[in-house]
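> for reference, the sequence and a predicted model appear below.
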Amino acid sequence: PRIVQIGRHVLMVGAGDDDGGDLGDRPVRVRTALALIRHVMLASRGSETLEAMAKLLVRDGAISSPDVVKAMRTIDRRAFLPEASRDDAYVDMPVRYGDFHQSSPSIYGAALEALDLRPGLSFLNVGSGTGYFSALARTICGPEGVHVGLERKPALVAWARRRCAAAGVADVTFVAGDVADVDVEHAVPFDRVYVGAGARRAQRDRLLRLLKPGGILVGPCQSGSGDAQRLLVATSRGGGAYSFRRGGAVSFTWLATSAPGARQLRLAGPVWGDHPKERFPAPYRRFVGALDLAVRGQGP
């Protein structure tokens, strides 16, 4: 074999004949091909640093608003991935490693733009996975909104909590469960909902009921009666009425489908007395403090 350097990659190329070499040479050729593909991806769709990734997304038009650009530059995608899958963290492509899944940064960026996030808005991330997208949204909405991630795999819930805490956004609440578990009648309504996996029609309709009037849902949803998906932007008009804007065809893993069971999961933010006071917006803390003084007879 011979050694070839391409960019920062050092490749071992097998020395076979025109028929592809012997059987023992083929694994080397496969590794070489994969490394070459990765090099091309890095050259055209990614980079080696978080800042360069954000610049690429701006250049390609995936993100444009200052808040979204700042979030992409602030929250390190690499930190939300397992060590063994971090090499391509800044390449604009999905990452899949066991139960750890992330969409490509350009998909997340486009979703953030479509959600029209603003400080103080409440946000629900359905299929929150590694917690990366929740951290991005929290960076934009700030500490005064309610931030909830719904994920059916407890190990990912624990991972997302740790990763968000390390990123300085520990006030995101992650809950173990799926769409069928949610008590939509008594859940806190949200200003924004992101669906990180394909939602069947019944799941989509269930999630729409979690929107406040004027609220927006963004995510891949079933198109027609088959397995086709399209990116959907739905806006609640109040009174059970919604407007829909459908984007291009996409292909996401489907949300788990299960019948509503005995468990009734009420999605909500932190509970006063059960969570650290820092988890609550400053105006809320001031109000509770004034109320406490009034009850004690020390207020105005």
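Good, I have the coordinates. Predicted model only: the values in this text are computed from it and were never measured.
> all contacts plus neighbour counts: C-alpha atoms, from now on.
Will do.
> any low-confidence regions in this protein?
1-47, 259-263, 269-271, 274-276, 278-281, 298-300 (pLDDT under 70).
> again, only this time at 90
Along the chain, the parts satisfying pLDDT under 90 run over 1-48, 87-88, 143-146, 171, 178, 180-188, 224-226, 247-251, 256-300.
> tell me where it has helices.
For the chain, the helices defined by DSSP state H occupy 26-45, 50-59, 66-74, 105-115, 132-141, 154-166, 201-208, 282-295.
> need the ones you listed in JSON lines (columns: mean neighbour count and distance to Asp191).
Below are the helices of the chain laid out as JSON lines (neighbours: other Cα atoms under 10 Å; distance: least, Cα to Cα, whole Å):
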{"stretch": "helix 26-45", "mean neighbour count": "15", "distance to Asp191": "33"}
{"stretch": "helix 50-59", "mean neighbour count": "19", "distance to Asp191": "26"}
{"stretch": "helix 66-74", "mean neighbour count": "19", "distance to Asp191": "17"}
{"stretch": "helix 105-115", "mean neighbour count": "21", "distance to Asp191": "9"}
{"stretch": "helix 132-141", "mean neighbour count": "25", "distance to Asp191": "11"}
{"stretch": "helix 154-166", "mean neighbour count": "18", "distance to Asp191": "21"}
{"stretch": "helix 201-208", "mean neighbour count": "17", "distance to Asp191": "11"}
{"stretch": "helix 282-295", "mean neighbour count": "12", "distance to Asp191": "18"}
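> JSON lines for those helices, including distance to Phe190?
Output for the helices of the chain, formatted as JSON lines (distance: least, Cα to Cα, whole Å):
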{"stretch": "helix 26-45", "distance to Phe190": "34"}
{"stretch": "helix 50-59", "distance to Phe190": "28"}
{"stretch": "helix 66-74", "distance to Phe190": "20"}
{"stretch": "helix 105-115", "distance to Phe190": "12"}
{"stretch": "helix 132-141", "distance to Phe190": "13"}
{"stretch": "helix 154-166", "distance to Phe190": "20"}
{"stretch": "helix 201-208", "distance to Phe190": "10"}
{"stretch": "helix 282-295", "distance to Phe190": "18"}
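> closest to Asp227 out of the ones you listed?
helix 201-208 (10.8 Å; Cα to Cα).
> for the helices of the chain, which one sits closest to Gly224?
helix 201-208 (8.8 Å).
> how near is the residue nearest to Gly238 when sequence neighbours are not counted to Gln264?
Once flanking residues are discounted, Gly238 sits nearest to Pro213: 4.5 Å by Cα to Cα, 6 or more residues apart in numbering. Per Cα to Cα, to the nearest Å, Pro213 is found 23 Å from Gln264.
> could you do Gly129 as well?
Counting by Cα to Cα, the gap from Gly129 to Gln264 is 21 Å.
> check Leu136 too.
28 Å.
> Gly198 now?
22 Å.
> which of the two has more neighbours?
Using other Cα atoms under 10 Å as the criterion, Gly198 and Gln264 rank with Gly198 on top: 25 against 16.
> ok, now which ones touch the more buried one?
Applying Cα atoms under 8 Å, 6 or more residues apart in numbering to Gly198 gives the contacts Gly219, Pro220, Cys221, Gln222, Gln229, Ser251, Phe252, Thr253, Trp254, Leu255.
> can I get those in a markdown table with neighbour count?
Below are the contacts of Gly198 laid out as a markdown table (neighbours: other Cα atoms under 10 Å):
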| residue | neighbour count |
| --- | --- |
| Gly219 | 27 |
| Pro220 | 28 |
| Cys221 | 28 |
| Gln222 | 23 |
| Gln229 | 22 |
| Ser251 | 14 |
| Phe252 | 17 |
| Thr253 | 11 |
| Trp254 | 16 |
| Leu255 | 19 |
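> now, which of those residues lie within strands?
Gly219, Pro220, Cys221, Gln222, Gln229 (DSSP state E).
> out of those residues, who's nearest Lys55?
Once Cα to Cα is applied, the member of the ones in strands among the contacts of Gly198 that ends up nearest Lys55 is Gly219, at 24.3 Å.
> list the contacts of that closest one.
Ala111, Tyr194, Val195, Gly196, Ala197, Gly198, Ala199, Leu231, Leu232, Val233.
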